[in-house]
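Engineer: sequence first, predicted coordinates after that:
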Amino acid sequence: MPSLIDLRRRIRAVKSTEQITKAMKTVAASKLRRAQDRIVGARPFAQLMQRVLSDLAARTGAAAAHPLLAPPAAPDAPFLLFVVTADKGLCGSFNSNLIREAASFAVTAGREVAMGLVGRKGRDFFVRRGVDIRFQMVNLFNDLRYSHAEAMAETAIEQYTSGAASGVSVLYNEFKSVLQQQVVVDQVLPIPALEAVEEEAEAVSADYLFEPPAGQIFSDLLPHHVETQFFRALLESAAAEHAARMTAMDAATRNAGEMIDGLTLHMNKVRQAAITRELIEVVSGAEAL
């Protein structure tokens with residue numbers, strides 16, 4: 001049976017841990033509010049841009065003219081999957097779900113899969129396993145900027161147009177709510193046809209007048225569209241990470257409180273038993289005299 005001093009030390013240690021988890025929960029909650037505002041503002045724009053550009057391509061027949069809309073030049077080339085994980089842990093199953101889904105994608109893809117790794121956790125996992133890595137970026141979520149998405153898009157476009165990749169997708173945690181994050185895989189290149197985009201949204205129905213010509217518009221807009229889709233994935237992942245960390249730290253704080261209550265009760269029982277034993281010894285000594 002542990003002594004009173006051991007129990008007191010353990011209670012102090014658990015209380016210190018409880019203070020840390022409570023502070024981390026508060027920080028994650030404050031960061032989540034800002035990240036949620038950013039994704040709520042960016043999500044409708046990215047979704048509508050996807051639908052409009054796909055509709056434009058279908059109406060103008062530009063799919064055969066622009067390489068970002070056309071089928072891959074090298075169908076047998078490896079598929080490029082961008083995996084967006086967190087730079088830090090202590091966020092529950094956030095990173096493990098992404099890594100498991102990425103590994104499953106590589107097994108079931110039916111062809112060789114190369115990876116672009118965003119976030120330290122995914123980078124550390126796949127680098128140790130000898131994966132073909134075409135891109136990596138870490139330490140970006142403390143100061144997430146559009147330039148990070150531009151770097152991802154530049155690599156994706158270069159790999160696809162040069163024939164080094166037969167397609168590009170991004171895997172990330174989509175922010176649903178504070179308690180729910182969903183792992184999704186979005187196709188980036190070639191840009192999905194209108195029918196694929198309309199599976200979860202109504203069709204964009206409009207007539208278009210082009211000035212300048214449609215080919216020039218696509219040349220200017222499509223790279224920005226790819227950047228926007230990557231930036232949306234980064235924003236979704238950032239919001240989902242803060243939500244997962246806040247939930248995990250809230251659960252850890254509750255568990256620490258329950259552990260403190262249990263240890264305090266056990267300590268009181270040990271102390272009461274010690275007092276009772278001392279009283280019995282005093283009484284027995286008095287009777288012996």
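Structural biologist: Nice, thanks for sending it over.
Engineer: C-alpha from now on. contacts and neighbour counts both.
Structural biologist: OK.
Engineer: for residue 77, what are its contacts?
Structural biologist: 112, 163, 164, 165, 166 (C-alpha atoms under 8 Å, 6 or more residues apart in numbering).
Engineer: no wait, residue 184
Structural biologist: If you count contacts by C-alpha under 8 Å, 6+ apart, residue 184 has them with 171, 172, 173, 174.
Engineer: out of these, who's nearest residue 278?
Structural biologist: When the contacts of residue 184 are compared for distance to residue 278, the smallest value, 60.1 Å, is given by residue 173; criterion: C-alpha to C-alpha.
Engineer: ok so, going back, which of the contacts of residue 77 tops the neighbour count?
Structural biologist: For the contacts of residue 77, counting by other C-alpha atoms under 10 Å, the largest number of neighbours falls to residue 165: 27 neighbours.
Engineer: residue 68 touches residue 192, doesn't it?
Structural biologist: No. Applying C-alpha atoms under 8 Å as the test, residue 68 and residue 192 come out as separate, 9.8 Å apart.
Engineer: neighbour-wise, which of these two wins?
Structural biologist: Set side by side, residue 68 and residue 192 give different neighbour counts by other C-alpha under 10 Å, the larger being at residue 68 (24 against 18).
Engineer: does that one count as helix, strand or coil?
Structural biologist: Assigned state for residue 68: coil (three-state reduction, DSSP: H, G, I helix; E, B strand; the rest coil).
Engineer: over to residue 102?
Structural biologist: In three-state terms, and counting by three-state DSSP, residue 102 is helix.
Engineer: per-residue confidence at it?
Structural biologist: We note a pLDDT of 91 for residue 102 in this prediction.
Engineer: part of a strand, is residue 80?
Structural biologist: Yes. When the secondary structure is assigned by three-state DSSP, residue 80 falls within a strand.
Engineer: please name the residues that touch it.
Structural biologist: By C-alpha under 8 Å, 6+ apart, residue 80 lies in contact with 113, 114, 115, 116, 134, 156, 165, 166, 167, 168, 169.
Engineer: grab the nearest non-local neighbour of the fifth one.
Structural biologist: Once flanking residues are discounted, residue 134 sits nearest to residue 116: 5.4 Å by C-alpha to C-alpha, 6 or more residues apart in numbering.
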